[in-house]
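Asks: requesting a structural model of the entry that follows:
(one chain, ligands or ions: 1)
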Amino acid sequence: MFTETHGLKWSIEKDDFLFFKDVLYKKSGIWMKEVKSDLMSSRLRKRAVQLGMRSLHEYRQLLETEADDSMEWQVFINLLTTNKTDFFREPDHYDYLIHQFIPEWLKLGKTHLNVWSCASSTGEEPYTLAMVFEKHLPSEITYSILATDIDTEVLARARNGVYSKNRLWEIPAEYSSLLAMGTGEVSEWFTVKRKLRDRIRFVQHNLFSEELPPFHNEEKFDLALCRNVLIYFDSEGIEKTAKKIFQSTTENGVLLIGHSESLQGKKGLWKTKKPSYYFKT
Ligand SMILES: C[S@@+](CC[C@H](N)C(=O)[O-])C[C@H]1O[C@@H](n2cnc3c(N)ncnc32)[C@H](O)[C@@H]1O
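Replies: Down below sits the predicted model:
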């Protein structure tokens with residue numbers, strides 16, 4: 001809605017919406033439709049109020065004076081990302097990793113599995129991957145997980161890696177020995193054990209940028225999970241991302257995307273036999 005209410009301009013003017021929408025797209029690839037203007041307005045309002053402003057137009061004026069790499073632009077992006085995630089989300093991907101991916105990958109004779117979680121949000125996805133690899137890889141095989149996101153706020157929470165015990169139901173009982181339960185003052189909380197946490201590197205990376213992800217020792221990834229982020233991109237963003245992951249993976253690389261997503265005819269050289277599973281060979 002683009003109207004004024006209560007004397008304060010907390011509803012968003014169309015011209016301001018278009019400004020925010022365009023810069024968000026340029027900086028992140030996130031494509032916000034006009035029907036989302038109320039959502040945008042309510043998220044940006046919080047920040048404007050914090051800054052003592054009386055309208056979103058004032059917030060726009062502030063952003064217009066900020067350098068491209070300023071903290072305020074990062075705050076703006078953090079406010080407009082959607083970070084919903086769960087442990088063991090879309091469980092058939094993890095069944096596939098256990099029953100097909102790992103046995104096939106072991107046949108390659110490698111000793112280190114290198115994985116990229118491309119939009120890792122608050123960390124549930126990379127911690128789930130660590131639990132699965134810890135339990136299902138032979139003990140002589142090592143693994144590492146690069147977990148990236150554009151949002152610095154969720155990355156900080158993911159690095160901290162402390163979750164409410166109300167979330168324990170998301171984690172199958174067979175993995176409970178890999179968790180550390182809080183006691184005393186932190187008895188409501190749990191974390192994933194240190195040896196798993198040490199396998200994960202959390203780093204900021206923008207999928208919509210031209211840069212490749214920060215490789216460790218220039219090693220490409222055997223597996224990439226890019227789940228539930230492509231739904232926010234247009235076809236240019238999807239194409240860029242599919243290409244970037246293709247360049248960043250080994251010759252036998254595998255890409256998993258979310259079940260409600262598709263590469264929309266932008267899969268390039270990726271091969272696929274069923275939705276959400278993509279292979280290089
Ligand atoms: C809905 S969460 C998905 C989390 C997890 N992959 C899952 O499937 O549960 C989407 C994440 O994508 C991130 N994101 C959005 N645009 C991005 C971009 N251009 N580069 C990297 N991450 C991005 C958001 O910050 C958010 O944390």
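Asks: residue contacts, the nearest residue to Gly29 once chain neighbours are set aside?
Replies: The shortest distance from Gly29 to any non-neighbouring residue, by C-beta to C-beta, 6 or more residues apart in numbering, is to Phe208 (3.2 Å). In short, each C-beta sits where N, CA and C put it, glycine included. Neighbouring residues of Phe208 by C-beta atoms under 8 Å, 6 or more residues apart in numbering: Lys27, Ser28, Gly29, Ile150, Phe233, Gly237, Lys240, Thr241.
Asks: among those, which lie within strands?
Replies: Per DSSP state E, strands hold no members of the contacts of Phe208.
Asks: of those residues, buried ones?
Replies: Burial by neighbour count, judged by 16 or more other C-beta atoms under 10 Å, picks out Lys27, Ser28, Gly29, Ile150, Phe233, Gly237, Lys240, Thr241 from these.
Asks: filtering these by proximity to the ligand, which remain?
Replies: Ser28, Gly29, Ile150 (C-beta under 6 Å from any ligand atom).
Asks: taking those one by one, which sit in helices?
Replies: Ser28 (DSSP state H).
Asks: before we move on, back to that, quick check, pLDDT for the residue nearest to Gly29.
Replies: pLDDT for Phe208: 98.
Asks: quick check: the gap between Leu155 and Lys240.
Replies: Separation of Leu155 from Lys240 (C-beta to C-beta, to the nearest Å): 21 Å.
Asks: which parts of the helix or strand bottoming out on mean pLDDT in the chain are buried?
Replies: Ranking every helix and strand in the chain by mean pLDDT, DSSP states H and E puts helix 37-50 at the bottom, with a mean of 94. Applying a neighbour-count criterion of 16+ other C-beta under 10 Å, one finds Ser37, Met40, Ser41, Arg43, Leu44, Arg45, Arg47, Ala48 buried in helix 37-50.
Asks: alpha carbons only: can I get that helix in CSV?
Replies: The C-alpha trace of helix 37-50 is given here as CSV (Å, rounded to 0.1, in the frame of the first residue of the first chain):
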residue,chain,number,x,y,z
SER,A,37,5.6,-3.5,-0.4
ASP,A,38,3.9,-3.9,3.0
LEU,A,39,6.6,-6.4,4.0
MET,A,40,9.4,-4.1,2.9
SER,A,41,7.8,-1.1,4.7
SER,A,42,7.4,-3.0,8.0
ARG,A,43,11.0,-4.3,7.9
LEU,A,44,12.5,-0.9,7.1
ARG,A,45,10.3,1.0,9.5
LYS,A,46,12.0,-0.7,12.5
ARG,A,47,15.4,0.7,11.4
ALA,A,48,14.0,4.1,10.6
VAL,A,49,12.4,4.4,14.0
GLN,A,50,15.7,3.3,15.6
